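K.L.:
Need a 3D model of the following:
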Amino acid sequence: MNVAAMIKLCVAMAIFGSIGFFTIHTGIPAVELVFVRCICATLFLGGMWFVTGGHKTEVWDKKELGKTIICGVFIVSNWVFLFKAFEQMSISIAISIYNLAPIFVLIFGAVLLAEKMGMYSIFATLICFVGSIFIVGIDNFTSLEDFFSSGFVWALLSAICYALTMFTSKTIHGLSAYALTFVQTIVGIIMLFPLCDFTVFSGLTTSNWIYILGTGIIHTGFVYYLFFDSIRNLSTVVVSVLVFVDPVVAILLDAILLSFRPSLLQTFGILLIFGSILYTVFSPEQKVVVHEQEKGASS
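P.N.:
Coordinates of the predicted model:
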């Protein structure tokens, strides 16, 4: 067991768990915040890439580059949708829905790759859906206006885009982690530049800028460095467990610093979602798939 890698991943996930708290204190909308985040990440990770000399040994392939660009569109959209969800709903609720991504990966695998989806996995998916309704609040589903204003759609779209990011990145093998992220954040800058309203940056306080730069340098550059540097030295099962540090920290910060108090129904919904996700990740049928993938990778 690589203890150093485990610590790095735990730190990365714990820091990322505070991104919702940072986001709501930046004072700027989601699109502009993600734009700054992409710039900071490009400079930080691009600098690390050059300092380590990785750019000299990088092997570029047109097909892989195309997949990376598509993956970049998904991950940037994921960030924008998640931050928009933070603007309209509690961080805890948004994060709970956002972490439905593994369930969507399972669904995409069944639909697009004809991977077998067991009866228990289908049941877990239905339980997640019921849990998401509980945590948003059944009263928000009484009219389309209330439903769209609840932030549920943004959080759900962020989960779907995150799942598409994971699904697409699984097919990219030749590029280094630095090159992968560098290209993705460049895609984000190009995507969001025409959509940005740069007037939102005028009149910001020093505190606002600290939170803005924090989301860019710390939550994107530094966290991604720790993340990519650690997951290569850990098993799939260990990574699957440690990534749950992220939502736990997010929910704790929401409760302690922002005084979020979930209702009994919302608490039940959160437990349903994370219980179903944990079952899906560690179910016997998924362990068989993981074992076959790791066996194939080592052969």
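K.L.:
From now on I want contacts and neighbour counts done on CA atoms only, so please keep to that.
P.N.:
Will do.
K.L.:
hey, where'd the helices end up in the stretch 1-150 of the chain?
P.N.:
Taking DSSP state H, counting those that start in this stretch as the test, the helices found in the stretch 1-150 of the chain are 3-16, 19-23, 30-51, 54-57, 62-88, 91-98, 101-112, 119-136, 144-149.
K.L.:
Now mean neighbour count and distance to M166 too, for those, in TSV please.
P.N.:
Shown next, in TSV, are these (neighbours: other Cα atoms under 10 Å; distance: least, Cα to Cα, whole Å):
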stretch	mean neighbour count	distance to M166
helix 3-16	20	16
helix 19-23	21	20
helix 30-51	21	19
helix 54-57	12	23
helix 62-88	21	8
helix 91-98	28	13
helix 101-112	18	7
helix 119-136	19	18
helix 144-149	13	26
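K.L.:
Turn those helices into JSON lines, columns for distance to F222 and mean pLDDT.
P.N.:
JSON lines is the format used below for the helices of the stretch 1-150 of the chain (distance: least, Cα to Cα, whole Å; pLDDT from 0 to 100):
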{"stretch": "helix 3-16", "distance to F222": "8", "mean pLDDT": "87"}
{"stretch": "helix 19-23", "distance to F222": "13", "mean pLDDT": "89"}
{"stretch": "helix 30-51", "distance to F222": "8", "mean pLDDT": "90"}
{"stretch": "helix 54-57", "distance to F222": "17", "mean pLDDT": "82"}
{"stretch": "helix 62-88", "distance to F222": "16", "mean pLDDT": "91"}
{"stretch": "helix 91-98", "distance to F222": "21", "mean pLDDT": "86"}
{"stretch": "helix 101-112", "distance to F222": "23", "mean pLDDT": "77"}
{"stretch": "helix 119-136", "distance to F222": "31", "mean pLDDT": "76"}
{"stretch": "helix 144-149", "distance to F222": "33", "mean pLDDT": "68"}
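K.L.:
nearest to S259, of those helices?
P.N.:
helix 91-98 (11.0 Å; Cα to Cα).
K.L.:
can you give me the offset of the closest one from its chain's centre?
P.N.:
11 Å (Cα atoms, centre = their mean, to the nearest Å).
K.L.:
which residue ranges form the helices in the stretch 151-299 of the chain?
P.N.:
152-169, 177-192, 206-213, 223-231, 236-242, 245-256, 264-282, 284-298.
K.L.:
Which among those helices is found nearest to V34?
P.N.:
helix 177-192 (7.9 Å).
K.L.:
any idea of the angle that closest one forms with helix 62-88?
P.N.:
60 degrees (axes from the mean of the first three to the mean of the last three Cα atoms, to 10 degrees).
K.L.:
mean confidence score for helix 177-192?
P.N.:
The average pLDDT for helix 177-192 rounds to 89.
K.L.:
How about residues contacting it?
P.N.:
The contact list for helix 177-192 (Cα atoms under 8 Å, 6 or more residues apart in numbering) reads 31-32, 34-35, 38-39, 41-42, 45-46, 48-49, 54-55, 58, 68-69, 71-73, 75-76, 228.
K.L.:
Give me the buried positions along it.
P.N.:
For helix 177-192, burial by neighbour count (16 or more other Cα atoms under 10 Å) applies to 177-189, 191-192.
K.L.:
Let me have the helices of the stretch 1-150 of the chain in a markdown table, extended by distance to S207.
P.N.:
A markdown table is the format used below for the helices of the stretch 1-150 of the chain (distance: least, Cα to Cα, whole Å):
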| stretch | distance to S207 |
| --- | --- |
| helix 3-16 | 19 |
| helix 19-23 | 10 |
| helix 30-51 | 15 |
| helix 54-57 | 35 |
| helix 62-88 | 18 |
| helix 91-98 | 20 |
| helix 101-112 | 32 |
| helix 119-136 | 31 |
| helix 144-149 | 28 |
